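Peer 1: Need a 3D model of the sequence below.
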Amino acid sequence: MNTEQIKQLLHHREPYLMVSEVLSLNSNSIHTKKIHTGNEAHLKGHFPGAPVVPGAMLQELCTQSAGILITRHHSPVDDYNSNTTKGYALGVLNKVNFSKFLEIVKPDHPIEAKIKLEEKEGPLFKFSAKVLQQNKLKAKLSFNLVNASDEILS
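Peer 2: Sure, this is the predicted structure:
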């Protein structure tokens with residue numbers, strides 16, 4: 001799945017769009033990739049001359065990836081399109097259960113996120129995630145997302 005297809009499933013746009021590519025996707029898991037250009041705002045200030053990908057951006061990569069899974073396989077709206085579908089916010093972050101950052105992530109190589117849907121209870125989705133760089137585990141996360149109508153968000 002390319003960037004334009006990803007944008008149909010997510011409301012996020014540059015510079016906050018964290019998913020560059022979807023490598024695999026089914027109703028219970030998604031594997032994505034983020035390729036940094038080095039010009040992203042979150043890298044320019046974190047840290048000048050020695051950029052490190054912030055942990056919050058790793059969480060956001062996982063959250064957005066899980067959002068793609070929800071939109072594609074668990075949407076309450078047929079043929080959801082972020083450009084035209086109104087009335088729903090899919091995959092809204094509800095809770096971060098834990099985030100463990102094992103090693104520094106540099107923008108010099110692609111970052112991969114492997115997300116697994118652990119449980120679904122109505123509009124609530126519980127996920128586990130692993131972040132890898134060069135096949136090395138860099139972070140482990142657990143978080144919840146929820147589908148919400150505009151009525152709830154107003």
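
Peer 1: So which residue is smack in the middle of the protein?
Peer 2: Nearest to the mean C-alpha position of the chain, counting by C-alpha atoms, centre = their mean, stands Q64 at 2.2 Å.

Peer 1: In which helix or strand does it reside?
Peer 2: Take DSSP states H and E as the rule and Q64 turns out to sit in helix 55-73.

Peer 1: before we move on, what about G91?
Peer 2: With DSSP H and E as the test, G91 turns up in strand 88-101.

Peer 1: residue contacts, H42?
Peer 2: Residues near H42 by C-beta atoms under 8 Å, 6 or more residues apart in numbering: 53-54, 57. Where you see a C-beta, it was placed from the backbone N, CA and C, and this is true even at glycine.

Peer 1: any idea of the pLDDT on it?
Peer 2: Per-residue pLDDT puts H42 at 87.

Peer 1: what about it, which helix or strand?
Peer 2: With DSSP H and E as the criterion, H42 is inside helix 41-44.

Peer 1: how close does T63 get to N39?
Peer 2: According to C-beta to C-beta, to the nearest Å, T63 and N39 sit 22 Å apart.

Peer 1: the more surrounded of the two?
Peer 2: Remark: of T63 and N39, T63 carries more neighbours, 23 against 9, as counted by other C-beta atoms under 10 Å.

Peer 1: which non-adjacent residue is nearest that one?
Peer 2: L93 (5.4 Å; C-beta to C-beta, 6 or more residues apart in numbering).

Peer 1: how many other residues sit next to the closest residue in space to S142 that isn't next to it in sequence?
Peer 2: If the residues on either side of it in the chain are set aside, S142 comes closest to N97, at 3.9 Å by C-beta to C-beta, 6+ apart. N97 has 11 neighbours, counted by other C-beta under 10 Å.
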